[in-house]
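Visitor: Turn this into a model:
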Amino acid sequence: MQEIIKINQISGLLLIFFAVTFSLNAQTYNKVLPDSKSGKPMLFGVCDMEAFQDSSFKRWYDPEYEFYDVDSTNLPAPISLQGVTFKIVFGSWCGDSKREVPRFIKMLETMNYDISQIELYAVDREKISPDGELEKLNVELVPTFFVFRNGEEIGRIVESPKKSLEEDLKCILLN
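Guide: Prediction:
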């Protein structure tokens, strides 16, 4: 009888262990907090494209996306995206992010890039991420569009493009 009780206790402890481990490893996406300055909803942490469907963010995301005309004459050739990944650090409170993030995503879609592969990170006004990982990337201004090839950073577009999103990305990918 004591052996059965010990087995039940061990089983219970294992279930608790796995439940806690799973909850610690489960990623929370599209977290919304009040902006410290305006009190309006602000995205914070890891996001996916669903974040822009929230009514607080959809009202600025959708118009920028819809009305942006991608300059297809200056897009890099599709072959140049092999092994390329993107990380976007933005502030949903930031005017530049509200303008450039939807445009950048539309540009990548035009290039037939799988946008579900984009890593999206929303930061607060201090450019701090909840897990501290972004501080290693030295983000000073948002948005910052990181371009990686085979895991190595090959360039970034900071705040707004120098020429255009298309030309700046093409320059990064060709170097």
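Visitor: Now do the phi/psi pair for the residue minimising distance to the centre of the chain.
Guide: By Cα atoms, centre = their mean, the chain has its centre lying nearest to residue 120, at 0.2 Å. Main-chain dihedrals, residue 120, degrees, to the nearest 10: phi -110, psi 130.
Visitor: Correct me if wrong: it contacts residue 91.
Guide: No. Contact status for residue 120 versus residue 91: not in contact, 11.7 Å apart, counting by Cβ atoms under 8 Å. From N, CA and C alone the C-beta is placed, and that goes for glycine too.
Visitor: on that earlier part again, which non-adjacent residue is nearest the residue nearest to the centre of the chain?
Guide: Closest residue in space to residue 120, ignoring its immediate chain neighbours: residue 47 at 4.1 Å, by Cβ to Cβ, 6 or more residues apart in numbering.
Visitor: From residue 32, how far off is that neighbour?
Guide: 10 Å (Cβ to Cβ, to the nearest Å).
Visitor: residues contacting residue 32?
Guide: Taking Cβ atoms under 8 Å, 6 or more residues apart in numbering, we find residue 32 in contact with 41, 42, 43, 44, 54, 56.
Visitor: wait, residue 89
Guide: By Cβ under 8 Å, 6+ apart, residue 89 lies in contact with 121, 123, 127, 134, 137, 139, 142, 143, 144, 146.
Visitor: Provide the secondary structure category for the fourth one.
Guide: When you say that, I think you mean residue 134. helix (DSSP: H, G, I helix; E, B strand; the rest coil).
Visitor: cool, the first one as well?
Guide: Following three-state DSSP, we place residue 121 in the strand state.
Visitor: Could you look up the SS state of the residue lying closest to it once chain neighbours are set aside?
Guide: Leaving aside its chain neighbours, residue 121 sits nearest to residue 89 (4.8 Å; criterion: Cβ to Cβ, 6+ apart). The three-state label given to residue 89 by three-state DSSP is strand.
Visitor: quick one: residue 89 from residue 55, how far?
Guide: 23 Å.
Visitor: what's the answer for residue 77, then?
Guide: Counting by Cβ to Cβ - residue 77 and residue 55 are separated by 38 Å.
Visitor: Also residue 30?
Guide: Residue 30 is 13 Å from residue 55, where distance means Cβ to Cβ.
Visitor: Likewise for residue 116?
Guide: Separation of residue 116 from residue 55 (Cβ to Cβ) stands at 22 Å.
Visitor: going on from the worst-scoring helix or strand of the chain on mean pLDDT, what's the next piece of helix or strand?
Guide: Among the helical and strand segments of the chain, the one scoring lowest on mean pLDDT, DSSP states H and E is helix 2-25, with a mean of 46. Sequence order places strand 31-34 as the next helix or strand after helix 2-25, per DSSP states H and E.
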